[in-house]
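Novice: coords below, sequence missing:
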Ligand code: RFL
Ligand code: PHB
């Protein structure tokens, strides 16, 4: 087999890159370790920046998104029983939209299928070979059969646990990591959202987030110990704890119902440098992870896709490699800003096990400054709606 670009990973990064390239006549093969149903069962991001909306439009895939996405002009921040609002629209002129990662991924799978573009599910033992040499290729196994695909480039879009990053020799990559001492317990429930905008809450009992997917589907999160499992949190206990972390006027209006999904995610900040090794280019979670507090993971994956898509297009259409050469530096410059913002949001809103009285007063001052200072609000809003690319 031969393909111009082999894409490892059929998550949102891999599928979006694949579809954008397909539309420019650049052929791709996508290799995915799991089944389509499994990928679509993972409940992840909910907030899209305009940059990702624009990319979906560029890919010709924004019709359902434009019909179903909910526009959010601001968000609420609650602390110590009080709350204030950050008005994205007034501060930046730009809103964010609520449209689940599951829906983005479904639109991308449907498009790939309609285009009849190759995608192999349940692949195993993927190896990326000779990306530094003259005959880059990828080998993998599907069932009993061993395959080889020769290619020009490999896009490593296989998430944090993938093989792509590991292909870069240890001596040639630097990894920067911060692991937070708590996780997020997430619950999806077929109930109307508590509020028309998101509520991020810092409470003495820990962080809570009220989000949504649509008018009849809510997504809630609470900070929990890393040692907890979803079985430790029967629905009634979850709703009780969520209520206790929200300002009273919201807690009273919370509509509860059975959870349709419940999972715990650890929180981590992580960056791998560089994001390029020879003809291998890393994209999305394969190269970097943010704690979900700033809603930046999927959106940062999208900016990587944008840079790599344009660089590959310039290579194939203009014979120009400046974009490929600048890819890692360009992508990392934006990634680090998203890392900083997510780290800042996480620190401001969570309770840490070792937090001293001093730390708590600093956190309270940070929140009060944000509540009272329009420049601080503008900086927060610019980061939340997404820095330009
Ligand atoms: P993914 O989605 O992990 O996809 C990688 C794919 O690669 C496959 N794979 C392999 N395939 C072949 N061979 C191998 N060896 C392979 N190893 C792995 C995997 O099966 C998978 O299908 O990475 P991608 O495409 O880079 O997308 C990144 C996003 O998924 C991620 O950043 C976001 O979900 C993060 N995130 C959020 N991001 C936002 O922008 N806004 C949000 O509101 C937001 N909320 C969240 C989040 C992530 C969360 N969790 C669970 C970590 C909320 C949560 C709770
Ligand atoms: C979500 O809806 O899943 C969501 C929203 C905002 C975040 C994280 C997750 O910061």
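Specialist: Ah, there it is. Because the structure is predicted, anything quoted here is derived from the model rather than measured. Ligands and ions are numbered 1, 2, ... in the order given.
Novice: how close does residue 296 get to residue 290?
Specialist: Residue 296 sits 5 Å away from residue 290, going by CB to CB, to the nearest Å. The way it works is simple: take the backbone N, C-alpha and C, and place the C-beta from them, glycine included.
Novice: near ligand 1, which residues of the protein show up?
Specialist: Within reach of ligand 1 by CB under 6 Å from any ligand atom, the chain has these residues: 8-14, 31-34, 39, 44-47, 101, 123, 126, 157-159, 161-163, 184, 186, 265, 284-285, 292, 295-299, 301.
Novice: buried subset of those?
Specialist: Neighbour-count burial (16 or more other CB atoms under 10 Å) applied to the residues of the chain next to ligand 1 gives 8-14, 31-34, 39, 44-47, 101, 123, 126, 157-159, 162-163, 184, 186, 284-285, 292, 295-299, 301.
Novice: which among the residues you listed are in contact with ligand 2?
Specialist: Applying CB under 6 Å from any ligand atom to these, one finds that 45-47, 292, 295 fall near ligand 2.
Novice: need those in a markdown table with distance to residue 272 and secondary structure, can you?
Specialist: Converted to a markdown table, those look like this (distance: CB to CB, whole Å; DSSP: H, G, I helix; E, B strand; the rest coil):
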| residue | distance to residue 272 | secondary structure |
| --- | --- | --- |
| 45 | 20 | coil |
| 46 | 25 | coil |
| 47 | 24 | strand |
| 292 | 19 | helix |
| 295 | 21 | coil |
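Novice: ok, those vs ligand 2, which is closest?
Specialist: Nearest to ligand 2 among those: residue 46, at 2.4 Å, using CB to the nearest ligand atom.
Novice: please, which helix or strand holds the residue of the stretch 51-200 of the chain found nearest ligand 1?
Specialist: As assessed by CB to the nearest ligand atom, ligand 1 sits closest to residue 159 within the stretch 51-200 of the chain, at 2.7 Å. Assigned by DSSP states H and E, residue 159 belongs to no helix or strand.
Novice: for the residue nearest to it when sequence neighbours are not counted, give me the pLDDT.
Specialist: Nearest residue to residue 159, sequence neighbours excluded (CB to CB, 6 or more residues apart in numbering): residue 285, at 4.4 Å. Note on residue 285: pLDDT of 98.
Novice: and residue 81, by the same measure?
Specialist: 82.
Novice: just give me how far the helix of greatest length in the chain sits from the chain centre.
Specialist: In the chain, with assignment by DSSP state H, the single longest helix is helix 322-349. Counting by CA atoms, centre = their mean, to the nearest Å, helix 322-349 is centred 13 Å from the centre of its parent chain.
Novice: and it, which residues are buried?
Specialist: Applying 16+ other CB under 10 Å to helix 322-349 flags 323-324, 327-328, 330-332, 334-335, 338-339, 341-349 as buried.
Novice: repeat for stretch 377-384
Specialist: Neighbour-count burial for stretch 377-384 flags 377-378, 380-384 (criterion: 16+ other CB under 10 Å).
Novice: give the contact list for residue 35.
Specialist: 121-122 (CB atoms under 8 Å, 6 or more residues apart in numbering).
Novice: make that residue 209, sorry
Specialist: So residue 209 contacts 184, 198-201, 220-222, 293 (CB under 8 Å, 6+ apart).
Novice: what's the answer for residue 33, then?
Specialist: Counting by CB under 8 Å, 6+ apart, residue 33 makes contact with 9, 122-124, 126, 158.
Novice: among these, which are in strands?
Specialist: Mapping the contacts of residue 33 onto strands (DSSP state E) picks out 124, 126.
Novice: closest to residue 191 out of the contacts of residue 33?
Specialist: Minimum distance to residue 191 across the contacts of residue 33 is 33.0 Å, recorded for residue 9 (CB to CB).
Novice: so the closest one is in contact with residue 159, correct?
Specialist: Yes. The pair residue 9 / residue 159 is scored as a contact, 6.0 Å apart, by CB atoms under 8 Å.
Novice: can you list residues touching both of the two?
Specialist: Common neighbours of residue 9 and residue 159, counting by CB under 8 Å, 6+ apart, are 284, 286.
Novice: ligand 2 contacts on the chain?
Specialist: Counting by CB under 6 Å from any ligand atom, the chain sits next to ligand 2 at 45-47, 198, 209, 211, 219, 292-293, 295.
Novice: skipping adjacent residues, who's closest to residue 146 in space?
Specialist: In space, and not counting its chain neighbours, residue 146 is closest to residue 139: 6.8 Å by CB to CB, 6+ apart.
Novice: tell me which element the one you found is part of?
Specialist: Here residue 139 is assigned to strand 137-142, by DSSP H and E.
Novice: now residue 7
Specialist: Assigned by DSSP H and E, residue 7 belongs to strand 2-8.
Novice: and what of residue 360?
Specialist: helix 357-372.
Novice: for the closest residue to residue 8 other than its chain neighbours, phi and psi?
Specialist: The shortest distance from residue 8 to any non-neighbouring residue, by CB to CB, 6+ apart, is to residue 158 (4.5 Å). Dihedral angles phi and psi of residue 158 (degrees, to the nearest 10) take the values phi -100, psi 30.
Novice: contact partners for residue 158?
Specialist: 8-9, 11, 14, 33, 126, 164, 286.
Novice: rewinding a little: take the residues of the chain next to ligand 1 and keep only those in helices.
Specialist: Reading helices off these with DSSP H, I get 12-14, 39, 101, 297-299, 301.
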